[in-house]
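Engineer: Okay, predicted coordinates and the sequence, questions at the end:
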Amino acid sequence: GDYMLHLLLRGDGDLKLKRLCMPRNHLRGSQTGFNVCTSLTNFLAANPRLIELHLVGNNLDDNDACLIANALRSNTKLSHLDIKGNRDIGDDGTAALQRALCDECSLNSVADSNHSCSVNSDFHMTVNNVALTNSEAREVNRAEKLYSLISVRNKTMSNVQHFGGIAINLLPRILEAVHKYSRLTEENDLHVKALSIVYEIMCRWGKVS
């Protein structure tokens, strides 16, 4: 049971699992003395070949969700995580998982978030009313999240103030990035037009009277 799984996950990188299903194993309630969830998240953080992980109904709580979220920050291979049926995951665990998928502190933190994994859960995970990790392509998911944040900031004309001390010679690259993200994302009511963002950036930089 738990002990065998613990030993399996402590392997020396030879584990070639691509799909791991552990529904209703009550990982948090283990009486073996081994923290299976910690072993599992350490395994995930090492970025193994695992593509799918199913943890339905395992009594996971906020602490477990935070461990999983931290592991996702360094994992680029897991594409599907199912944690439905873990009713003890509350607001803190949900927020941690959401930050792992899209940390909106800055454009850099959004770019550094996990863009590979889709999380199936009992709670609704969106950022700016946009579902997280819709596509199988990491670059598309990354662009969607970045463009959503830029669009929200455009509505208050606040993009440039979040750029920090970016040199003016980087302006062409920023404008190029805006057009790139616009092309990669699906048009919807929440996204503003790329031209509006370009106008805002140039205006705030004193390039449009």
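Structural biologist: Sure, I can see it.
Engineer: Just confirm Ala69 contacts Asp92, I think it does.
Structural biologist: No - counting by Cβ atoms under 8 Å, Ala69 stays clear of Asp92, with 10.1 Å between them. All C-beta spots, glycine's among them, are computed from the backbone N, C-alpha and C.
Engineer: Which of the two has more residues huddled nearby?
Structural biologist: Neighbour totals were compared for Ala69 and Asp92, and Ala69 leads with 21 against 13 (other Cβ atoms under 10 Å).
Engineer: hey, where'd the strands end up in the chain?
Structural biologist: For the chain, the strands defined by DSSP state E occupy 19-21, 52-54, 80-82, 118-120, 126-127, 130-131.
Engineer: wait, which of these is closest to Lys193?
Structural biologist: Taking Cβ to Cβ, strand 130-131 is the member of the strands of the chain nearest to Lys193, at 16.4 Å.
Engineer: Excluding covalently adjacent residues, which one is nearest to Leu27?
Structural biologist: Asn58 (4.5 Å; Cβ to Cβ, 6 or more residues apart in numbering).
Engineer: Just to check, the one you found is in contact with Val36?
Structural biologist: No - using Cβ under 8 Å, Asn58 is not in contact with Val36; the gap is 9.3 Å.
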